[in-house]
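K.L.:
Need the 3D shape of this:
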Amino acid sequence: QVATAAFINADLGEFWENSVKKDDPTDFINQTIHALETIKAENLVNGANGHRLEKASEWYLQEFYDRKEGKSVKFWNSHFKSLTELIGGGYQSGNLYTIFGRSGRGKSTVMLVEALEAAMNGANVLYYCLEMPKYEFTSRAVSFLSARKEVKKSRINGSDYLAGFNISDITKASFEDLNEEQDFVDFVTNLNDFIEGSFTLRAVDDDDFVNRSVAQLERDIVETGADFVVVDPMYYMHYEKNTSKTAGGDALRRLAGRTKSVIIAVTQAEEDSNEKGGDERELNIPKRSNVKKTMALLEDASVVLAFDSCDGRFALEIVKGRSGHEGESVEGIFLPVIGYVEESLLEEVGSVFDGIEF
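P.N.:
Numbers count the residues shown, from 1 in each chain. Okay, the predicted model is just below:
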């Protein structure tokens, strides 16, 4: 009661004045909801502290039955079947995950594939795209979605693939075949038929996307009912002046637990000065010590994935896992230009790309 009264007397008027200045009453509502939720969480009185194990039937079995019915904890499959198994049955709500890789290797591509997989299976996805304009991002998304429907046959150096629209054609808005252009327009018009859940994008070039704080992310999660959240990249988020960026991982971990959502943070790995370039380069998965800018993500995430791609192949390795499996990896074919990113056995990858020049 005291905390609520203090909020009404001290903060509520200021929230309203700020929202009026910005001509944004929605901001007033969001700030008020967040403040009241914080007061409620900080002043819960549950009697005795802790939970007694010998009385588990009073509190533990309720959680058991809620999980059984999918009420409290949800699991979202990875696009890659082997990865679903390695991370303990899928991405689990309430947990923070981290993926990192060197610049330009395609970690954002893999995260887009994972987010689309979740949306197609009923999740409400929220994607903070902090580097890429919305048209470019959506072009990639349409290419990958169309690849799931195998809308186009593409031939790459003698090998045929049933995949999606070419990202280059979409990005340039230029199709050589007018029939294919009409197929593309029809596909985009009917995207709602392919996504069981929802997919909300906030991109770097959105005029109203000026606040990239953790508080704003929480408001967006609540407003969209997000189950599956991607922050790409994590280090472009805004933090309070008195908060070090190294604490960002902890902020996202707490947010995942509070909102019961999956949050995946994308970050960068240090470049390897010893790595060979050009045609001699091979898959080179970065090590945990190579994480750049946000080392706290290693400690705060339940699972940390390292990524690399090279010559039409990719590898995802678990470098930290709550369920173990550290050092185990998933490999496959990586052809994002036609929306084709698929897990494959090593011998299959080798046979597909044997003798092919890129």
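K.L.:
At which residues are the strands of the protein located?
P.N.:
For the chain, applying DSSP state E gives strands covering 75-76, 91-92, 96-101, 124-129, 152-156, 159-163, 198-203, 228-232, 262-268, 303-310, 313-321, 329-335, 340-343.
K.L.:
Tell me which of those strands lies nearest to Leu191.
P.N.:
Between Leu191 and the strands of the chain, the tightest spacing by Cβ to Cβ is seen for strand 198-203, at 9.0 Å. Quick note: C-beta positions are derived from backbone N, CA and C, even for glycine.
K.L.:
just to revisit the earlier point, export the strands of the chain as CSV, with columns for mean neighbour count and mean pLDDT.
P.N.:
Written out in CSV, the entries for those read as follows (neighbours: other Cβ atoms under 10 Å; pLDDT from 0 to 100):
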stretch, mean neighbour count, mean pLDDT
strand 75-76, 19, 94
strand 91-92, 23, 96
strand 96-101, 26, 94
strand 124-129, 24, 97
strand 152-156, 15, 77
strand 159-163, 16, 81
strand 198-203, 18, 96
strand 228-232, 25, 97
strand 262-268, 26, 94
strand 303-310, 24, 94
strand 313-321, 21, 93
strand 329-335, 21, 94
strand 340-343, 20, 94
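K.L.:
Can you lay out those strands as a markdown table showing distance to Thr4?
P.N.:
Supplementary listing: the strands of the chain in a markdown table, determined by distance: least, Cβ to Cβ, whole Å:
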| stretch | distance to Thr4 |
| --- | --- |
| strand 75-76 | 36 |
| strand 91-92 | 34 |
| strand 96-101 | 31 |
| strand 124-129 | 29 |
| strand 152-156 | 59 |
| strand 159-163 | 56 |
| strand 198-203 | 31 |
| strand 228-232 | 29 |
| strand 262-268 | 29 |
| strand 303-310 | 39 |
| strand 313-321 | 41 |
| strand 329-335 | 50 |
| strand 340-343 | 50 |
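K.L.:
Nearest to Phe175, out of these?
P.N.:
Comparison of the strands of the chain against Phe175 by Cβ to Cβ identifies strand 152-156 as nearest, at 10.8 Å.
K.L.:
Give me the contacts around that closest one.
P.N.:
Residues lying outside strand 152-156 but in contact with it, judged by Cβ atoms under 8 Å, 6 or more residues apart in numbering, are 146, 160-166, 180, 335, 338, 340, 356.
K.L.:
Out of those, flag the one nearest to Arg52.
P.N.:
Looking across the contacts of strand 152-156 and measuring by Cβ to Cβ, the closest to Arg52 is Tyr340, at 53.5 Å.
K.L.:
Find the nearest non-adjacent residue to that closest one, please.
P.N.:
The shortest distance from Tyr340 to any non-neighbouring residue, by Cβ to Cβ, 6 or more residues apart in numbering, is to Ala163 (4.2 Å).
K.L.:
who does that neighbour bridge with?
P.N.:
Following DSSP bridges, Ala163 is listed with bridge partners Lys152.
K.L.:
That one: what's it in contact with?
P.N.:
With contact taken as Cβ under 8 Å, 6+ apart, Ala163 is in contact with Ser146, Ala147, Glu150, Lys152, Lys153, Ser154, Leu335, Ile338, Gly339, Tyr340.
K.L.:
mind listing the helices for the stretch 51-200 of the chain?
P.N.:
56-68, 81-86, 107-120, 134-148, 167-172, 178-189 (DSSP state H, counting those that start in this stretch).
K.L.:
Quick check: which of these is nearest to Ile99?
P.N.:
Proximity to Ile99 (Cβ to Cβ) singles out helix 107-120 among those, at 5.6 Å.
K.L.:
And the contacts of that closest one?
P.N.:
Outside of helix 107-120, the residues within contact range by Cβ under 8 Å, 6+ apart are 76-79, 91, 99-101, 125, 127, 131-132, 137, 140-141, 144-145, 148, 194-199, 227-228, 230, 232, 262, 264, 266, 307, 314, 316, 334, 336, 341.
K.L.:
Let's see that with 6 Å instead.
P.N.:
The set of residues that contact helix 107-120 without belonging to it, under Cβ atoms under 6 Å, 6 or more residues apart in numbering, is 76, 79, 99, 101, 125, 127, 140, 144, 195-197, 199, 228, 230, 232, 266, 307, 336, 341.
K.L.:
Then stretch 85-96?
P.N.:
Stretch 85-96 is contacted by residues 73-77, 84, 252-253, 256-257, 260, 262-263, 300-303, 318, 323, 325, 328 when judged by Cβ under 6 Å, 6+ apart.
K.L.:
can you check stretch 61-75 too?
P.N.:
When contacts are defined by Cβ under 6 Å, 6+ apart, stretch 61-75 is touched by residues Gly89, Gly90, Gln92, Ser93.
K.L.:
Chain neighbours aside, what residue packs nearest to the second one?
P.N.:
By the measure of Cβ to Cβ, 6+ apart, the closest residue to Gly90 outside its immediate chain neighbours is Phe75, 3.7 Å from it.
K.L.:
hmm, back to that, distance to Ile8 for the contacts of strand 152-156 - can I get that in JSON lines?
P.N.:
Converted to JSON lines, the contacts of strand 152-156 look like this (distance: Cβ to Cβ, whole Å):
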{"residue": "Ser146", "distance to Ile8": "52"}
{"residue": "Asp160", "distance to Ile8": "67"}
{"residue": "Tyr161", "distance to Ile8": "61"}
{"residue": "Leu162", "distance to Ile8": "61"}
{"residue": "Ala163", "distance to Ile8": "57"}
{"residue": "Gly164", "distance to Ile8": "54"}
{"residue": "Phe165", "distance to Ile8": "54"}
{"residue": "Asn166", "distance to Ile8": "57"}
{"residue": "Glu180", "distance to Ile8": "60"}
{"residue": "Leu335", "distance to Ile8": "58"}
{"residue": "Ile338", "distance to Ile8": "57"}
{"residue": "Tyr340", "distance to Ile8": "56"}
{"residue": "Ile356", "distance to Ile8": "68"}
